[in-house]
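Visitor: sequence and predicted structure, then a few things I'm wondering about:
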Amino acid sequence: MVDFDGFLNLRFLSFGYCDLTGQIPAYLSKNLEELALNNNRIRGPIPSWLGTLPRLRSMDLSSNLISGEFPKELCGLPMLVSKQTVAQVDSNDLELPVYTTSGVLVASQINFRYIRPTIDISMNIMSGKIPIEIGQLRLLHGLYLSNNNFSGNIPEQISKLKNLEKLDRSLRESFVRKNPTIIDNP
């Protein structure tokens with residue numbers, strides 16, 4: 001099933017709530033548009049090569065055991081940085097049956113143009129500073145950083161995210177104690 005270069009045509013990978021362990025696999029497709037590995041037991045750092053995936057626009061790694069720093073390379077994701085890049089990528093619909101829990105077919109097509117560009121790394125054990133390069137993600141709509149062990153100030157470059165609709169910056173109590181000028185907003 002897996003070619004030497006990975007799943008060549010894989011555009012959507014969702015293994016949330018699967019009790020997965022280990023690290024983020026290196027065989028992901030360069031065509032990947034959405035990655036959801038939330039609510040597992042994945043360990044280790046976020047690999048910097050994820051920031052080189054040309055089509056990746058949504059990533060949910062929340063509720064794992066991911067450690068390390070926020071990779072600066074993620075701040076250069078082409079689909080979250082430049083409208084020109086988005087225009088160059090064909091956004092074909094994906095035929096995929098979607099069923100309700102009762103087995104009723106509710107949809108057969110997912111249009112990737114309407115997936116909100118999101119990065120969710122909340123509820124992990126990440127540390128270090130939030131990189132100032134985060135301001136480059138101008139097409140990002142949702143950013144979830146809560147419940148990690150980040151230190152330092154929230155970079156003012158985050159104000160450059162003009163398309164941001166949701167920002168979860170609620171912080172662990174230890175971070176707020178070290179930085180009393182920050183107000184915790186759940």
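Guide: Received the coordinates, thanks.
Visitor: secondary structure of residue 157: a helix, I assume?
Guide: Yes. Assigned with DSSP: H, G, I helix; E, B strand; the rest coil, residue 157 falls within a helix.
Visitor: can you give me the helices in the protein?
Guide: Listed from the start of the chain, the chain has helices (DSSP state H) covering 78-81, 83-88, 173-178.
Visitor: state the mean pLDDT of the last one.
Guide: It stands for helix 173-178. Averaged across helix 173-178, pLDDT comes to 44.
Visitor: who's in contact with residue 71?
Guide: Going by Cβ atoms under 8 Å, 6 or more residues apart in numbering, residue 71 touches 45-48, 50-51. Every C-beta, even on glycine, is put in place using the N, C-alpha and C of the backbone.
Visitor: one more time with 10 Å
Guide: Shown in contact with residue 71 (Cβ atoms under 10 Å, 6 or more residues apart in numbering): 45-51, 126, 131, 133.
Visitor: now do the strands in this structure.
Guide: All strands of the chain, identified by DSSP state E, fall at 12-14, 21-22, 34-36, 41-44, 58-60, 65-66, 93-99, 105-111, 118-120, 127-128, 142-144, 149-150, 166-168.
Visitor: who does the last one pair up with?
Guide: This means strand 166-168. Strand 166-168 pairs in its sheet with strand 142-144 (parallel), by DSSP bridges.
Visitor: with the third one instead?
Guide: Neighbouring strands of strand 34-36 in its sheet, by DSSP bridges, are strand 12-14 (parallel), strand 58-60 (parallel).
Visitor: what's next to it, contact-wise?
Guide: 10-17, 24, 28-29, 50, 53, 55-62, 94, 110, 112, 115, 117-118, 120.
Visitor: how about the CA coordinates for stretch 38-58, as CSV?
Guide: Below are the C-alpha coordinates for stretch 38-58, written out as CSV (Å, rounded to 0.1, in the frame of the first residue of the first chain):
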residue,chain,number,x,y,z
ASN,A,38,-5.8,14.1,17.4
ASN,A,39,-6.6,12.3,20.7
ASN,A,40,-4.0,9.6,20.5
ARG,A,41,-0.7,8.9,22.3
ILE,A,42,1.7,10.2,19.7
ARG,A,43,5.1,11.2,21.2
GLY,A,44,8.1,13.2,20.1
PRO,A,45,8.4,16.5,18.4
ILE,A,46,6.5,17.7,15.4
PRO,A,47,8.8,16.9,12.5
SER,A,48,10.0,20.1,10.7
TRP,A,49,9.4,18.5,7.3
LEU,A,50,5.6,18.9,7.8
GLY,A,51,6.3,22.6,7.0
THR,A,52,7.4,21.6,3.5
LEU,A,53,4.2,19.9,2.4
PRO,A,54,3.0,22.1,-0.4
ARG,A,55,-0.7,21.4,0.0
LEU,A,56,-1.2,21.0,3.8
ARG,A,57,-3.7,23.5,5.0
SER,A,58,-5.2,21.9,8.1
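Visitor: so what's the gap between that stretch and the chain middle?
Guide: The chain centroid and the centroid of stretch 38-58 are separated by 7 Å, computed with Cα atoms, centre = their mean, to the nearest Å.
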